[in-house]
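1. compute the structure for the input listed below.
(2 chains)
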Amino acid sequence: MARISGVDNPGASFATLIFRAVRKRLGRVPRPMRIHALAPAVLRGYAFMEAGQESATGVPKKLKKLGQVRVATRIGCPF
Amino acid sequence: MTSTPARVDDALFVELRAQFDETQLAELASALAWENYRARFNRVFDVESEDYSHGAFCPVPARSEAAR
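-> Numbering: from 1, shown residues only, chains lettered A, B, ... in the order given. Sure thing, here's the model as predicted:
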């Protein structure tokens, strides 16, 4: 069980927009994003970085994902 | 780069440079550094798997220090 839940219904308009877009794409808002929403300025950076990472296409996506799984496993973060 | 301290030795960099141009290296390093951020952030709050992979894969186990 996560130590904190994060935000379910953000009041700020930017957070609401982000949540709506993420919910449309993934079917739900991941807990890390809900936790970032506790600090709206940080959520902005997080959202823009996620979008930037998604839009970068110079390296095969599968290779990046493989590397990211390896990183997450080494740090002990479950997928 | 995930180790503490982070280390990317010259030999590894030369190998990577043979496979990727500078733009690709920037993108690849960014992707891995970003995952470092996400994974470490999640550890603070003990975020568990939300099953986005739907059990599609088995994570690669971390090798022991002796095996590296």
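
2. how about the residue sitting nearest the centre point of chain A, secondary structure?
-> Among the residues of chain A, the one closest to the centroid is residue A:33, at 4.9 Å (C-alpha atoms, centre = their mean). Three-state assignment for residue A:33 (DSSP: H, G, I helix; E, B strand; the rest coil): helix.

3. any buried residues in the helix or strand hosting residue A:70, and which?
-> Using DSSP states H and E, the element containing residue A:70 is helix A:61-75. By neighbour count with 16 or more other C-beta atoms under 10 Å in any protein chain shown, helix A:61-75 contains the buried residues A:64, A:67, A:68, A:69, A:70, A:71, A:72, A:73, A:74, A:75. Every C-beta, even on glycine, is put in place using the N, C-alpha and C of the backbone.

4. who are the neighbours in contact with the residue nearest to the last one when sequence neighbours are not counted?
-> Just to be clear, that refers to residue A:75. Leaving out its chain neighbours, the residue that sits closest to residue A:75 by C-beta to C-beta, 6 or more residues apart in numbering or on different chains is residue B:39, at 4.0 Å. Contact analysis of residue B:39 by C-beta atoms under 8 Å, 6 or more residues apart in numbering or on different chains lists A:71, A:72, A:75, A:76, A:77.

5. need the contact list for the residue in chain A sticking out farthest from the centre.
-> Here chain A reaches farthest from its C-alpha mean at residue A:58, the gap being 21.1 Å by C-alpha atoms, centre = their mean. For residue A:58, the contacting residues are B:23, B:24, B:27, by C-beta under 8 Å, 6+ apart.

6. surely the second one meets residue A:57?
-> This means residue B:24. No. Contact criterion C-beta atoms under 8 Å: residue B:24 and residue A:57 do not qualify, at 10.3 Å.

7. compare those two (neighbour count), which wins?
-> residue B:24 (17 against 8; other C-beta atoms under 10 Å in any protein chain shown).

8. how about the helices in the chain?
-> In the absence of a named chain, chain A is used. A:13-26, A:31-36, A:40-55, A:61-75 (DSSP state H).

9. could you do chain B instead?
-> Going by DSSP H, chain B shows helices at B:10-19, B:22-45.

10. low-confidence ranges, chain A, go.
-> A:79 (pLDDT under 70).
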